[in-house]
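J.: any chance you can model this:
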Amino acid sequence: MNHLSIANGSLMEVETLITVAERLGYISEEQERNILSYTAEIGKMLSGLLRSLDPESSILDPAP
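T.: Now for the predicted structure:
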């Protein structure tokens, strides 16, 4: 499960770097939106995988 938590953290880091790249003008807003839609889908897959392996885990669920 630790690997999935690390993968989720890495995914959030990528999302942050994509936003920074757009703000600095390295990519367009459209490119940012497209990439972030892919990262959102990957996040859903990671969450689903974690739930299938450990239904009681809350590693990928946001804090209340």
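
J.: tell me which residues in the helix or strand residue 45 falls within are buried?
T.: Assignment of secondary structure by DSSP states H and E places residue 45 within helix 29-53. By 16 or more other CB atoms under 10 Å, the buried positions in helix 29-53 come out as 32, 35, 43, 46-47, 50. Any C-beta I mention is one placed from the backbone N, CA and C, and that applies to glycine too.

J.: which other helices and strands contact that helix?
T.: Judged by 3 or more CB pairs under 8 Å, 6 or more residues apart in numbering; DSSP states H and E, helix 29-53 is in contact with helix 2-23.

J.: rewinding a little: and which of the buried residues of helix 29-53 is nearest residue 11?
T.: Taking CB to CB as the measure, residue 11 sits nearest to residue 43 out of the buried residues of helix 29-53, at 5.8 Å.

J.: ok, the closest one touching residue 10?
T.: No. Between residue 43 and residue 10 no contact is recorded; they are 11.0 Å apart, counting by CB atoms under 8 Å.

J.: between those two, which contacts overlap?
T.: Between them, residue 43 and residue 10 have no joint contacts when contacts are counted by CB atoms under 8 Å, 6 or more residues apart in numbering.
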